[in-house]
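Novice: what follows is a protein structure lacking sequence information:
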Ligand code: HEC
């Protein structure tokens, strides 16, 4: 029995070793993601402050963008199925790579949702965190996101009415 446990543990370690050696790779799953349009990214469309942008990049782009950087377990079934499903579900809700699709109002609404999610520690999604201890949004980063969200234009109609 002890030997069996040892075997299982060794196999686990070996799999982990192979996985780590494989490193990170761009997404090549199915269905494929749309081609990247650099000009459509929130960075180009809305020009967030640097701290906001680096936070989104580091902690959110792996699911909420058209170019996630997948860890090794994103290629190993069954976790690959979960990772690909996450990316498609997350991207359908909120996609920082397709920010040009949003009106200014929607852009602000989305950023306010982002503010809520990071302030309440609800994103990145909980099961992602043990694998990515670095993906922790600090209070300072959350505050930067919320401040910026609150400075975004409210609605075009209110703006033009006040002119
Ligand atoms: C491991 C993948 C993953 C990461 C990383 C991740 N998310 Fe998500 N996110 C999801 C998934 C999956 C959903 C959809 C949940 C559902 O279907 O209810 C989601 C939903 C959301 C929503 C809700 C959108 C809506 O319309 O309801 C917001 C806002 C959000 N994420 C923000 C963030 C932010 C901000 C970050 C980075 C700090 C982040 N997410 C990181 C997977 C992720």
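Specialist: Yep, that arrived. Keep in mind it's a predicted model, so treat the numbers as computed, not measured.
Novice: residues of this structure that sit close to the ligand?
Specialist: 59-60, 62-64, 86, 89-90, 93-94, 113-114, 117-118, 123-125, 128, 137 (CB under 6 Å from any ligand atom). Every C-beta, even on glycine, is put in place using the N, C-alpha and C of the backbone.
Novice: contacts only, for the most centrally placed residue in the chain.
Specialist: Central residue of the chain (CA atoms, centre = their mean): residue 60, 2.1 Å from the mean position. The neighbourhood of residue 60, defined by CB atoms under 8 Å, 6 or more residues apart in numbering, consists of 96, 114, 123-124.
Novice: isn't residue 136 up against residue 129?
Specialist: Yes. With contact defined as CB atoms under 8 Å, residue 136 counts as touching residue 129 (7.3 Å).
Novice: buried sites along stretch 92-107?
Specialist: Residues of stretch 92-107 classed as buried: 94-99, 102, 107 (neighbour count, 16 or more other CB atoms under 10 Å).
Novice: tell me the one among these nearest to the ligand.
Specialist: Using CB to the nearest ligand atom, residue 94 comes nearest to the ligand of these, at 4.6 Å.
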